[in-house]
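[1] can you look at this prediction? I've put the sequence above it.
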Amino acid sequence: MSAFVLVPGFWLGAWAWRDVTSLLRAGGHDVHPLTLTGLADRSHLAGPDVDLATHTADIVRLIEAEDLRDVILVGHSGGGMPVAQAADRIPERIARVVYVDSGPLPDGVAQFDVNPPEEQKRLRALIGDGHLLPPPAWESEEDPQNYVGLDASTLAMLRARTTPQPLRTATDPVRISGRQAVPNALIACTFPVEMVQEMIAQGHPFFAGLAGGDLYGLPTGHWPMFSEPTRLAELLDTIAG
């Protein structure tokens, strides 16, 4: 049995892991899906001061409060940033970090920085003077590659249940001390493992942190907890050993 902490990506809450949680628990694992501050059932806490440090503290406090050890810490998409920071804060409690269609950004880089300049400009215009990043429209034609495997009912559910993301969790840079390395793994969904291997070999900053980690392919869209929950749970079980 392993202890899993499941951290969702932007706009999602613990509810997004429901199917994966059930499957892992059926396999005998101790599973803790987490809703980060300001999202889903905690959306009433989405004030302008909620930042990447807040989300990192959410993860650290859960692990410490539950006295979890040898944790398999899973971060999907934008959840990879607070997961990386949490593992850096309490490495003695983490057995492995698993990035699901995500990765460890370099120290000093924010999620917002990954967007090309024109997309940053569009998002800034959309946000205005606010402190929340609105969820996407969840229309299949707007992003067909990332939405692979999401049927009409799933997209309707996402339109109904996703909540705006506290902006500073996207614009704050990741801060990693690197004092103690924690083993990691990647489950790549929207890009082939071979491409990741090539980028690692080239020293690409967005993939360099995965050097020496275990790489797994799960060809599907960017939200495998909805499109391939059984296969995702199987891979997480395999990674836990």
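    Arrived safely.
[2] tell me which element Asp107 is part of?
    Secondary structure assignment for Asp107, by DSSP states H and E: no helix or strand.
[3] mind checking the pLDDT average for whichever strand or helix holds Ala125?
    Taking DSSP H and E as the definition, Ala125 sits inside helix 117-127. Averaged across helix 117-127, the pLDDT comes to 92.
[4] now Arg168. Nearest residue, chain neighbours left out?
    Among residues not flanking Arg168 along the chain, Asp51 sits closest, at 3.7 Å (CB to CB, 6 or more residues apart in numbering). For glycine as for every other residue, the C-beta is placed from the backbone atoms N, C-alpha and C.
[5] kindly report the same for Pro224.
    Nearest in space to Pro224, with sequence neighbours left out and distances taken as CB to CB, 6+ apart, is Leu232 at 4.7 Å.
[6] look at the one you found and say how many residues are nearby.
    Using other CB atoms under 10 Å, Leu232 has 27 neighbouring residues.
[7] isn't it right up against Met225?
    Yes. The criterion here is CB atoms under 8 Å, and Leu232 meets it with Met225 at 6.1 Å.
[8] between these two, what contacts are shared?
    Contact criterion CB atoms under 8 Å, 6 or more residues apart in numbering; residues shared by Leu232 and Met225: Val20, Val100.
[9] roughly how far apart are the residue of the chain most remote from its centre and Gly209?
    Centroid-distance maximum for the chain: Asp129 at 26.0 Å, with CA atoms, centre = their mean. To Gly209, Asp129 is 34 Å away according to CB to CB, to the nearest Å.
[10] likewise His222?
    Following CB to CB, the distance that separates His222 from Gly209 is 19 Å.
[11] now Gly128
    As judged by CB to CB, Gly128 and Gly209 stand 33 Å apart.
[12] likewise for Pro192?
    Separation of Pro192 from Gly209 (CB to CB): 19 Å.
[13] more neighbours: which of those two?
    Counted by other CB under 10 Å, Pro192 and Gly209 do not tie: Gly209 has more neighbours, with 24 against 11.
[14] for the closest residue to that one other than its chain neighbours, what are its contacts?
    Among residues not flanking Gly209 along the chain, Pro104 sits closest, at 3.5 Å (CB to CB, 6+ apart). Contact analysis of Pro104 by CB under 8 Å, 6+ apart lists Gly80, Ala84, Val97, Val174, Ile176, Asn184, Gly209, Leu210.
[15] with pLDDT added, can I get those in JSON lines?
    Compiled in JSON lines, the contacts of Pro104 are given as follows (pLDDT from 0 to 100):
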{"residue": "Gly80", "pLDDT": "97"}
{"residue": "Ala84", "pLDDT": "97"}
{"residue": "Val97", "pLDDT": "98"}
{"residue": "Val174", "pLDDT": "96"}
{"residue": "Ile176", "pLDDT": "95"}
{"residue": "Asn184", "pLDDT": "97"}
{"residue": "Gly209", "pLDDT": "91"}
{"residue": "Leu210", "pLDDT": "94"}
